[in-house]
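Trainee: Could you look at this predicted model? Sequence included:
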Amino acid sequence: MIRRGLMTMCAAAVLAGGAVAGAGSADAIPLPPLPNPLPQLSPHASQVALIKSFNTRSKAITAAIPGRIGLSITPVGGDEAMNFGTVRTARAWSTLKVPVSIAAERANGKKVVADIRPAIRASDNDAAERLWASMDDDKTAVADVTAVLREGHDSVTRIRSSLSRPSSYPGATNWTLEQQSVFGAHLPCLPDSSRVLGYMRTVESNQQWGVKTMRKRGVTTAVKGGWGPVNDATGKYVVRQLGVVTTPRGAFAVSMAALPSSGSFEDGIAMLNRVGGWVGANLNKLPVGGC
């Protein structure tokens, strides 16, 4: 579209110049023929193919394990997410420990590292609560964690706490897959993220699902899982994963979520493992970037 526009402008300039030169002149230069129009290729052709592929895989996944799944992918350093599936948002649960850990380290320095490690690697709730408390009161903690999200280009998410109406808790924060994916895409670019990312690369067995099941040469994965009730009125679980996948081509962030009809944690993991398998099978087709 841009090249055609330039050609049209150039042709217009030639036409105008020819008209002036040819006015009352026998030496007017004949105009060259206009070039054939450039073919119009859809800029979203690859996305359409990926969405079609994911939809096929999604039908197979939910036929085997009834429920709903969602996936959002953003190249590192970018803000344009590709969204797949039918799940668009859910409670953050322990995926929120990533920005909480960064905010706590910024506020307290190395003295909270002993809690960051288990909060990320083992998803230890007691350690995460100490990190939250280390930022003084709820008002300060909400502000500090929100600042990390905004720096990570998530301009939407509002952290839940005892100050919320009705009163709530941080893990119940609604974090859309798209906004989480965008935050993940900027996570490696944040100045204080290296420690957290290091722990995300070495999570314990209770979080080794989704893209963490990939075994590809030259590919590394940093992940944080989250799981808990879909809402206060049900015992059914949502299972989530925030991840950064680094390949020889570049890196991208993923946010995925499963809502199994059974509501079981195990079924949610099984669904995300199959989503992770689709990501691994399409590594060379997914958009990548860098800081």
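Mentor: Nice, thanks for sending it over.
Trainee: Go through stretch 131-145 and flag the buried ones.
Mentor: 131, 132, 134, 135, 138, 141, 142, 144, 145 (16 or more other Cβ atoms under 10 Å). C-beta: built from backbone N, CA, C; applies to glycine.
Trainee: likewise stretch 53-60?
Mentor: In terms of neighbour count (16+ other Cβ under 10 Å), stretch 53-60 has its buried residues at 54, 57, 58.
Trainee: So which of those residues sit within helices?
Mentor: 54, 57, 58 (DSSP state H).
Trainee: ok, so of those, who is nearest residue 187?
Mentor: When these are compared for distance to residue 187 (Cβ to Cβ), residue 54 wins out at 23.3 Å.
Trainee: What is the host helix or strand of residue 276 packed up against?
Mentor: According to DSSP states H and E, residue 276 maps onto helix 265-281. Judged by 3 or more Cβ pairs under 8 Å, 6 or more residues apart in numbering; DSSP states H and E, the packing partners of helix 265-281 are helix 45-64, strand 67-75, strand 237-247, strand 250-260.
Trainee: how about the ones you listed in a markdown table, adding mean pLDDT and distance to residue 156?
Mentor: Formatted as a markdown table, the helices and strands packed on helix 265-281 follow (pLDDT from 0 to 100; distance: least, Cβ to Cβ, whole Å):
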| stretch | mean pLDDT | distance to residue 156 |
| --- | --- | --- |
| helix 45-64 | 92 | 22 |
| strand 67-75 | 98 | 13 |
| strand 237-247 | 98 | 16 |
| strand 250-260 | 98 | 13 |
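Trainee: For residue 271, find the nearest of these.
Mentor: Going by Cβ to Cβ, the one of those nearest residue 271 is strand 250-260, 3.8 Å.
Trainee: Determine how far that closest one lies from the middle of the whole chain.
Mentor: From the chain centre to the centre of strand 250-260 is a distance of 7 Å (Cα atoms, centre = their mean, to the nearest Å).
Trainee: got the angle for it vs strand 67-75?
Mentor: Strand 250-260 and strand 67-75 are oriented at 170 degrees to each other (axes from the mean of the first three to the mean of the last three Cα atoms, to 10 degrees).
Trainee: Strand 250-260 vs strand 237-247, what angle?
Mentor: When the same axes, to 10 degrees is applied, the directions of strand 250-260 and strand 237-247 differ by 170 degrees.
Trainee: Could you name the helices and strands sitting against strand 250-260?
Mentor: Using 3+ Cβ pairs under 8 Å, 6+ apart: strand 250-260 touches strand 67-75, helix 177-186, strand 237-247, helix 265-281.
Trainee: pull the CA atoms of it into CSV?
Mentor: What follows is strand 250-260, C-alpha atoms only, in CSV (Å, rounded to 0.1, in the frame of the first residue of the first chain):
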residue,chain,number,x,y,z
GLY,A,250,14.1,-14.2,19.1
ALA,A,251,11.7,-14.3,22.0
PHE,A,252,8.0,-14.1,22.7
ALA,A,253,5.7,-14.1,25.8
VAL,A,254,2.8,-16.4,26.3
SER,A,255,-0.3,-16.2,28.6
MET,A,256,-2.5,-19.2,28.6
ALA,A,257,-5.5,-20.3,30.7
ALA,A,258,-7.6,-23.4,30.9
LEU,A,259,-11.1,-23.7,32.4
PRO,A,260,-11.9,-27.5,32.4
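Trainee: Please identify the buried residues of it?
Mentor: Under the neighbour-count criterion of 16+ other Cβ under 10 Å, strand 250-260 has 251, 252, 253, 254, 255, 256, 257, 258, 259, 260 buried.
Trainee: how close does the residue lying closest to the fourth one once chain neighbours are set aside sit to residue 210?
Mentor: Once its chain neighbours are removed from consideration, residue 254 has its nearest residue in residue 243; the separation is 4.6 Å (Cβ to Cβ, 6 or more residues apart in numbering). When distance is defined by Cβ to Cβ, to the nearest Å, residue 243 is 7 Å away from residue 210.
Trainee: so what sits against both of those two?
Mentor: Common contacts of residue 243 and residue 210 (Cβ atoms under 8 Å, 6 or more residues apart in numbering): 223, 254, 256.
Trainee: Grab the most central residue of this protein for me.
Mentor: Residue closest to the mean C-alpha point of the chain, counted by Cα atoms, centre = their mean, is residue 181 at 1.4 Å.
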